[in-house]
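Student: next comes the sequence, and after it the predicted model I'd like to discuss.
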Amino acid sequence: MDIQEFDCIALAKEYDSRHPGEILKLALESFDNLAISFSGAEDVVLVDMAVKLKADVQVFSLDTGRLHAETYRLLEQVREHYKLRLEILYPDANALEKLVREKGLFSFYKDTHKECCGIRKVMPLRRKLNTLDAWVTGQRKDQSPDTRAAVPVVEEDAAFSSADHRLIKFNPLSNWSSAQVWQYIRDNDVPFNELHNKGFVSIGCEPCSRAILPNQHEREGRWWWEEATRKECGLHAANLDNDK
Amino acid sequence: MHITMVKKIKHDGSPCRKCAEVEQRLQESGLLNRIDQILIADERDPQSEGMLLAKQHQVELAPFFIVEDEDGSVRIYTVYFRFIKEVLNSQTSAQEEAAEILDNNPDLDFI
């Protein structure tokens, strides 16, 4: 398919209520140069669905260097279970060494996780996405109380597209709840991260993830020392509409 | 070319952190004098110049830059590193760009 002709807006509307498997099918049939981003958490369901549609689907994971041992074990388990050629991406050594030299190993507790995540996750992710036409994420609307208001099932990736590179992003799990994801995991005997048995819901790097209590929002298990709903850069629409 | 920077004052009257960071980076890199005017989008005042411009150009992020060319065309930049590269022909580091991408796209936290 000519990527310039891919109509994200129309397809997002058409596929919004479809099963994630159908959205993945659309993705895999539309793009050869596509990869699934697998974080080592609940998004393993995407790998399970995708392998059933295309055995040699590209899958990559970001090894930040700070993941839990349980997550590394799951990555290996998934690689073997699905006979995947799982690509592991690493941070730029120079950038990481500079960060640690200047700010230590736990700078995120002092000045937010943005700089550390930028180096350990966003830079390698960007390097990979620059080689792709499309990618698939496990992002869901219910993962964050504030930032997930709009997660279309397919969209032009505004963060990583550039003037000469249009990138399409599929979010097949967007409209699924955590309960639906877990129902799928149980029904299909999908391997999952051992940390889920220890009270972890959202799983990222070891210093920045923790178990949560029943009825706590999963966002409370990540970067809990930062304000969960902080969205400082936004010019709030309510204010913009006040003078109507 | 005429360049306007719009920075934000938050509901509680405090300055927007990112706006201050961007202004400081412009200052330190000697590029602040390339900005013709700096206007305020005060969240407490929908009639403030910056809030009106945000509404006019349908911008929902701060800071942002309005670049008006001699031919009358207008370009809006909400991503600092793109503005720096495309308008001021300057460079930012990959590290700075990554941090800004994350700042502007909090949903990437869960990748």
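Tutor: Right, received. Where do you want to start?

Student: what does stretch A:77-86 contact?
Tutor: Counting contacts by CB atoms under 8 Å, 6 or more residues apart in numbering or on different chains, the residues outside stretch A:77-86 that touch it are A:38, A:44, A:47-48, A:51, A:55-61, A:75, A:191. C-betas here are computed from N, CA, C, even on glycine.

Student: out of those residues, which one sits closest to residue A:88?
Tutor: Set against residue A:88, the nearest of the contacts of stretch A:77-86 by CB to CB is residue A:61 (5.5 Å).

Student: what about the closest one, neighbour count?
Tutor: By the measure other CB atoms under 10 Å in any protein chain shown, the count of residues near residue A:61 is 22.

Student: let's verify it: helix, strand, or coil?
Tutor: Secondary structure for residue A:61, judged by DSSP: H, G, I helix; E, B strand; the rest coil, is strand.

Student: backbone torsions only: list them for the nearest residue to it once chain neighbours are set aside.
Tutor: Leaving aside its sequence neighbours, residue A:61 sits nearest to residue A:38 (CB to CB, 6 or more residues apart in numbering or on different chains; 5.0 Å). Residue A:38 has phi and psi values of phi -120, psi 120 when expressed as degrees, to the nearest 10.

Student: what's the neighbour count on residue A:38?
Tutor: Residues lying near residue A:38 (other CB under 10 Å) number 25.

Student: got a list of what it touches?
Tutor: Contacts of residue A:38 (CB under 8 Å, 6+ apart): A:44, A:46, A:47, A:59, A:60, A:61, A:75, A:78, A:86, A:138.

Student: select from the residues you listed every entry located in helices.
Tutor: Secondary structure from DSSP state H places A:44, A:46, A:47, A:75, A:78 of the contacts of residue A:38 in helices.

Student: can you put those residues in JSON lines and add distance to residue B:69, pLDDT and neighbour count?
Tutor: Output for the ones in helices among the contacts of residue A:38, formatted as JSON lines (distance: CB to CB, whole Å; pLDDT from 0 to 100; neighbours: other CB atoms under 10 Å in any protein chain shown):
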{"residue": "A:44", "distance to residue B:69": "49", "pLDDT": "95", "neighbour count": "25"}
{"residue": "A:46", "distance to residue B:69": "44", "pLDDT": "96", "neighbour count": "27"}
{"residue": "A:47", "distance to residue B:69": "48", "pLDDT": "97", "neighbour count": "23"}
{"residue": "A:75", "distance to residue B:69": "50", "pLDDT": "96", "neighbour count": "22"}
{"residue": "A:78", "distance to residue B:69": "51", "pLDDT": "97", "neighbour count": "23"}
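
Student: just the closest of those residues to residue A:117, please.
Tutor: Nearest to residue A:117 out of those is residue A:75 (CB to CB; 18.8 Å).

Student: chain B versus that closest one, what's the distance?
Tutor: The gap separating residue A:75 from chain B is 15 Å, by CB to the nearest CB, to the nearest Å.

Student: contacting residues for that residue?
Tutor: Counting by CB under 8 Å, 6+ apart, residue A:75 makes contact with A:38, A:40, A:61, A:86, A:88.

Student: tell me where chain A has strands.
Tutor: Using DSSP state E, the strands of chain A run over residues A:34-37, A:58-62, A:87-89, A:134-136, A:154-156, A:168-170.

Student: actually, chain B.
Tutor: Under the criterion DSSP E, strands of chain B are mapped to B:2-9, B:37-42, B:64-68, B:74-77.

Student: now the ones you listed as JSON lines including distance to chain A and mean neighbour count?
Tutor: As requested, these are arranged in JSON lines below (distance: least, CB to the nearest CB, whole Å; neighbours: other CB atoms under 10 Å in any protein chain shown):
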{"stretch": "strand B:2-9", "distance to chain A": "6", "mean neighbour count": "21"}
{"stretch": "strand B:37-42", "distance to chain A": "6", "mean neighbour count": "18"}
{"stretch": "strand B:64-68", "distance to chain A": "8", "mean neighbour count": "20"}
{"stretch": "strand B:74-77", "distance to chain A": "12", "mean neighbour count": "16"}
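
Student: done for today, thanks.
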